[in-house]
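In: What shape does this take:
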Amino acid sequence: MTDRTHQHEYAANLVGGLADAGVDMAFISPGSRNTPLTLAFAAEPRIRDLSIRDERSAGFTALGYAKATGVPAVVVCTSGSAATHYLPSIVEADQSTTPMIVLTADRPVRLRGTAAPQTMDQVNLYGSHAKMFTDLDASDPADGRAAALALVDHATTSPAGVAHANIPFDIPLVPVVAVPPALRQEVVTSNDPPLDVTNISPFLDGRKVLIVVGGLGGRALSNAVTDLADRLAAPVLSDVQSNVTGANVVRNGELVFAAHDDRKMLLAVGSHPPDIVLRLGPISTAMPLWQWLETSGVEQILIDASRLTDPLDSAATTINADPVRVLERVSVSRNRDDAFLASWMRMDQVVGVALGESLATLPFPSEPAIAAIIASSVPDGSILLVGSSRPIRDLDAFGTKRDNVTVIANRGVNGIDGAISTALGAALTGTPTTLYIGDLTALHDVSALSEVQRLGAPLRIVVVNNDGGGIFSFLPQATSQGVPSETYERHWGTPHGLTIAPIARSMGLPAREVIAPADLADACGAPIEAPELIEIVTDRSATLDHHIAVRRAVALALARDEQVEERL
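Out: As a prediction, the model looks like this:
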């Protein structure tokens, strides 16, 4: 061969193998060294190739696409520092078990360790955060397809994660003639291996079981939990991003569980304690719940397909497997204890009424009410992607759980980075998407607004702007005598004085501000046909008081109801 056509044929076979294995989306950042890969993706009709100028944004866009579909997207970049910008999204993908395939172009092997331009050590660049690393040799085109199938297999095999291939390319990087896409080939998929785990049925049968569900879930998990909860007469505390709904779900679970008396004693588990807790997935957003699990001594079974260990170290039995497959094997033979379930459902009803009344008394805009409005208003059949920090916590506490809305969040490492890009990736599936974030999260990824506008995906961005880091008002830094107030504002409060809507408009994105609750509900509930940004400004200094008022009202209502129940 001449003109190094072999490396272009290798790229074509690699990309064809990815398509054979079901990959259908690639996010490519501009560069010269990745030219063989870029041309191969552009020529492959089964994979949509989109250009994302910023590699950091491209990584998160791929992450959002994979979280929404379960199918790994591919990111492609040139050599040098470009590959380092993927790291934040790779860490999130790794710890949230989200499949991702990373292809980094590299300089020829002979230039490694030299001062050649745009050259650095890219071997095993992401360390333990990649499930798989391979340094490919593009000299033999026949090897390309096998390499692709290995990447997809490693990325998708439970627990899912990141597969990274580094590919050295030599000049000339452009072929003399275009290389056609590889011919399609059938991929033979293997069945899941037999499940050889502890049978948990004897632990659950005839006992008061509380089911706690965390992490990102979907319809299969919801159905499996709903079925088991019905057979056990077990109440379910489901994290908002678990997307588990059903008759036994305590819809105000965070507020029910967190309600406490003047002595800080939890009312729900104090009055109606479970015999055993069945934990599915990683720890939930609700801190009072996982703190209780960590310290209560209650018997626990944890089922989670993860390479990470339980941070609470409180489960007597841990099963590293897909919860759905394990739950399908549970058999129950003894009579149900409906009274335990009924008590939790009654508490849920009492809290729901108290929540509605309390939210109505708060001056608007209040952040608890905003979360409730967004949760209840977004269109049926859509995705609600929620940012870390306060939004995910407020949605978990004050939002309505709906079985026709899919909630997604970046809770692998709980970062605020890349939220707009993640939502863009979800919206590029074609499913209308609402992104609910704070102002610092928006500013952290503000350059992605230009990509949102350019690509025109059905994405509505709702920014709650409290001019800084509102979540820190809930932490000891805000009130500690060891932290001067001016130091707190400079390093934690971090006011910026910016309005987000004009920034969005400067990038060509339609944007507006809303003030009234009805306007917010109308804006969030309208069909999402094109990208836009909605901003609502709140008072950071009042946010903590609003939360305290709601939680106090809920706790008082629950305590009064418990006293009535005791006298019956």
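In: tell me which residues of stretch 489-508 are tucked away?
Out: Neighbour-count burial for stretch 489-508 flags W492, G493, T499, I500, A501, I503, A504, M507 (criterion: 16 or more other CB atoms under 10 Å). (C-beta placed from N, C-alpha, C; glycine too.)
In: The last one and E451 touch, don't they?
Out: The reference is to M507. No: the pair M507 / E451 is not scored as a contact, 9.2 Å apart, by CB atoms under 8 Å.
In: if we can go back for a sec, would you format the buried residues of stretch 489-508 as JSON lines with secondary structure, distance to F41 and pLDDT included?
Out: Listed next are the buried residues of stretch 489-508 as JSON lines, based on DSSP: H, G, I helix; E, B strand; the rest coil; distance: CB to CB, whole Å; pLDDT from 0 to 100:
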{"residue": "W492", "secondary structure": "helix", "distance to F41": "43", "pLDDT": "93"}
{"residue": "G493", "secondary structure": "helix", "distance to F41": "45", "pLDDT": "91"}
{"residue": "T499", "secondary structure": "coil", "distance to F41": "39", "pLDDT": "96"}
{"residue": "I500", "secondary structure": "helix", "distance to F41": "34", "pLDDT": "97"}
{"residue": "A501", "secondary structure": "helix", "distance to F41": "35", "pLDDT": "97"}
{"residue": "I503", "secondary structure": "helix", "distance to F41": "32", "pLDDT": "97"}
{"residue": "A504", "secondary structure": "helix", "distance to F41": "30", "pLDDT": "97"}
{"residue": "M507", "secondary structure": "coil", "distance to F41": "26", "pLDDT": "96"}
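In: now, the most widely separated pair of these?
Out: Maximum pairwise distance in those, criterion CB to CB, is 28.9 Å, between W492 and M507.
In: Nearest to G438 among the buried residues of stretch 489-508?
Out: Among the buried residues of stretch 489-508, and counting by CB to CB, the member closest to G438 is I500, at 10.0 Å.
In: and the closest one, what does it touch?
Out: Neighbouring residues of I500 by CB atoms under 8 Å, 6 or more residues apart in numbering: D439, A442, L443, V446, V463, N465, A511, L533, E535.
In: Check the protein for its longest helix and report it.
Out: helix 540-567 (DSSP state H).
In: How far does that helix sit from its chain's centre?
Out: 30 Å (CA atoms, centre = their mean, to the nearest Å).
In: Quick one: mean pLDDT for that helix?
Out: Mean pLDDT, taken over the full extent of helix 540-567, equals 84.
In: Adjust the sequence numbering to begin at 342 for everything that follows.
Out: Understood, numbering begins at 342; the last thing we discussed is helix 881-908.
In: on that earlier part again, now, which of the contacts of I841 sits nearest S579?
Out: V804 (26.7 Å).
In: so which helix or strand takes in that closest one?
Out: Here V804 is covered by strand 800-806, with elements defined by DSSP states H and E.
In: In CSV, could you pull the C-alpha coordinates for that strand?
Out: Taking Å, rounded to 0.1, in the frame of the first residue of the first chain, the C-alpha atoms of strand 800-806 are listed here in CSV:
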residue,chain,number,x,y,z
LEU,A,800,-34.1,21.5,25.0
ARG,A,801,-35.6,23.9,27.5
ILE,A,802,-33.2,25.2,30.1
VAL,A,803,-34.7,26.5,33.3
VAL,A,804,-32.1,28.4,35.4
VAL,A,805,-32.9,29.3,39.1
ASN,A,806,-30.6,32.3,39.7
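In: distance between it and the chain's centre?
Out: Offset of strand 800-806 from its chain centre (CA atoms, centre = their mean): 17 Å.
In: who touches it?
Out: Contacts to strand 800-806, defined as CB under 8 Å, 6+ apart, come from residues 708, 711, 715, 731-732, 761, 764-765, 767-768, 773-780, 783, 790, 793, 840-841, 845, 864-865, 869, 872-879.
In: try it again with 7 Å
Out: With contacts defined as CB atoms under 7 Å, 6 or more residues apart in numbering, strand 800-806 is touched by 708, 711, 715, 732, 761, 764-765, 768, 774-780, 783, 793, 840-841, 865, 869, 872-879.
In: I appreciate the help and will end here.
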